Every structure is written in C-alpha cells, then in structure tokens.
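Visitor: Let's see this in three dimensions:
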Amino acid sequence: MFESESRDSQVVEAWQRFVQGLLGVLALVGAGVMAHYYAPPETAGLQRQVHQLSQQIDDLKREEAFSSAAVDDARESVGYIYGIYRVSGDPETPPIHARVSGTGFIVAPGLIATNRHVAEPWFGDREAAVALRHGATPTLEKIEAYFPGSPFPVVLEPVVLAKQPHSPKNCAR
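Guide: Residues are numbered from 1 along each chain as shown. Below you'll find the model as predicted:
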C-alpha cells in the first residue's frame, strides 16, 4: 500500500511540476506579448524622422516660392512669335509658303532668344529641304513677336549668333 501511495504522490508531484512549468512558460510568453504591444514606441527615431520630413517640406515651400517669383518676374519678357516664310527659286518644285509660330524671350535690350525651328523654320521642313538642295532660297517674309500687355507687334530681324552646334562641353567654359 505504501508503494502505491508513493507512486501516486510521485505522479502528482510530476504533474504539479509540469503544470507549474507550463504556467511559467505561458506567463513569460504573455509578458513578452504585452511588452511588445504595450511598450512605448521608440521616440528618438520617430522624432528624427519627423524632423527630416519637416525640413523637406520647408525646402519644397522655399523652392515653390522662388519658382513662382521667377515666373512672375519673367512673365512680361516671354512673347509669342509668328512668321511667314517662303522657299522659292527651284525650277523643279513649286514655291513653298508656310506659317511658323513659337515662343521667345527677351535676353537683352533689342535681343530675343528663340529656337532655330522658329527663326529659320525651313530647316525643319522636308519639302523645303528638297527645294534647298536644288538651289532654292529661303526667305522670311514676316516675323514678329507679341508680348503681354502690348497691343502692337514687335517686328523681328533674325540674327545668327553661332553657326556651329554647341556641345555641353563647349558651353561650360
């Protein structure tokens, strides 16, 4: 009888230890979960991130204000350019009459900068290229600029500043 009671008490003790160990493990896991979900967040990293984002927003606001001011300052110096050109003199092709339009901006008193396809539009015209190869001559019959706030056009006279193409390397001098 003592032997049976001794075995029973060993089994009971083993179960008690097992249950206590299991409860201990569950308590540790629960404490870890609670610490993970309820612990305060890392504030230093978040504050650094908020500071960086605030700086980026301030930079964007400054850039936007500068861009708006630059556009406002330049608004009156940007004009609409309209012209008519003729390519004639080639006996094999009929004369070409065409209109051209684009924009230009004042870069100095009496000097307006525009693109070549506006100032010399026949260079982008395939028909004109054929006629020019056969000896035709291009002529700007009319080219004028219109500026905001001015009811009168400005009659333009094209001036070539450079006959060679520019590369970024040559312009950086």
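Visitor: average pLDDT across the lengthiest helix in the chain?
Guide: Counting residues, the longest helix found in the chain (DSSP state H) is helix 2-38. For helix 2-38, mean pLDDT is 83.
Visitor: need the next SSE after that helix, C-terminal direction.
Guide: Per DSSP states H and E, the first helix or strand lying C-terminal to helix 2-38 is helix 43-74.
Visitor: what residues does the helix or strand following that following helix touch?
Guide: As assigned by DSSP H and E, the chain's next helix or strand after helix 43-74 is strand 78-88. Here strand 78-88 makes contact (Cβ atoms under 8 Å, 6 or more residues apart in numbering) with 95-106, 112, 114, 118, 121-122, 125, 127-128, 131-132, 136-148, 153-154, 156. The way it works is simple: take the backbone N, C-alpha and C, and place the C-beta from them, glycine included.
Visitor: rerun that using 7 Å as the cut-off
Guide: Contact partners of strand 78-88, identified using Cβ atoms under 7 Å, 6 or more residues apart in numbering, comprise 95-105, 112, 114, 118, 121-122, 128, 131-132, 136-147.
Visitor: so where is this structure shaky, pLDDT-wise?
Guide: Scanning the chain with the threshold set as pLDDT under 70 gives 1-2, 162-173.
Visitor: how does it divide into domains?
Guide: Listed by automatic domain parsing, the domain ranges of the chain are 2-68, 76-158.
Visitor: could these be laid out in JSON lines, adding mean neighbour count?
Guide: Shown next, in JSON lines, are these (neighbours: other Cβ atoms under 10 Å):
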{"stretch": "domain 2-68", "mean neighbour count": "10"}
{"stretch": "domain 76-158", "mean neighbour count": "15"}
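Visitor: For the top strand by length along the chain, which strands pair with it and how are they oriented?
Guide: Identified as the longest strand of the chain according to DSSP state E is strand 96-108. Here strand 96-108 is paired, per DSSP bridges, with strand 78-88 (antiparallel), strand 111-114 (antiparallel).
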